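>>> Mind looking at a prediction? Sequence and model below.
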Amino acid sequence: MAARKLRRGSSSPRSSFGMRIVFAFCAALAAYCLLSALAGPAGAIAYRQLMERRAAMAENLGTLSLINTELRSRLDSLRSDADRAAREARALGYFRPGESEIVLAGGNSANAPLDVGTIVPMLPPRSLSESAIKAAAAFVGLALLALRLPRRRRR
């Protein structure tokens, strides 16, 4: 019973204010940790954006692999078939001596430009900066401290 009276009796406005400061500091620290884990440079949002970019790059790599396979088969065909190599050379504008070219209007070109895939630029993920996270956490701590301060009664 005496210990309880001492605790209650020692509860001065100063120690109460100290507890409020500790509470505000803990709240600011919790806000900092939460914001860093969610929206920071290494947070969940940035990680999700990196995973999406990784999937896009993997898809692009698959497309480029298919294009590479097609081009290798065309190259093998050109190396093994002399007639096909001559047709390709004529399509590019190379002719044997004595040959001439006849151009027909409205004809479709047999050689469409090659699709070389999509360039997937490596951009850093969007996130809050460390200074913005620290400022938001400080604001939370100060706001909670201000809310928990005793208000003076008007006389």
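Alright, I've got the coordinates. This structure is a prediction, so every number in the text was calculated from the model and none was measured. Numbering: from 1, shown residues only.

>>> For the residue nearest the centre of the chain, give its distance to residue 40.
The residue lying closest to the centre of the chain (C-alpha atoms, centre = their mean) is residue 125, at 3.0 Å. Distance check for residue 125 against residue 40: by C-beta to C-beta, to the nearest Å, it reads 10 Å. To be clear about C-beta, it is placed using only N, CA and C from the backbone, and glycine gets the same treatment.

>>> who touches both of the two?
Common neighbours of residue 125 and residue 40 (criterion: C-beta atoms under 8 Å, 6 or more residues apart in numbering): residue 46.

>>> shouldn't residue 20 be in contact with residue 145?
Yes. Counting by C-beta atoms under 8 Å, residue 145 is a contact partner of residue 20 at 6.1 Å.

>>> What residues of whichever strand or helix holds residue 28 count as buried?
Taking DSSP states H and E as the criterion, residue 28 maps to helix 13-39. By neighbour count on 16 or more other C-beta atoms under 10 Å, the buried set for helix 13-39 is 20, 24, 27, 28, 31, 32, 34, 35, 36, 39.

>>> longest helix in this protein, by residue count?
Determined from DSSP state H, the single longest helix within the chain is helix 44-80.
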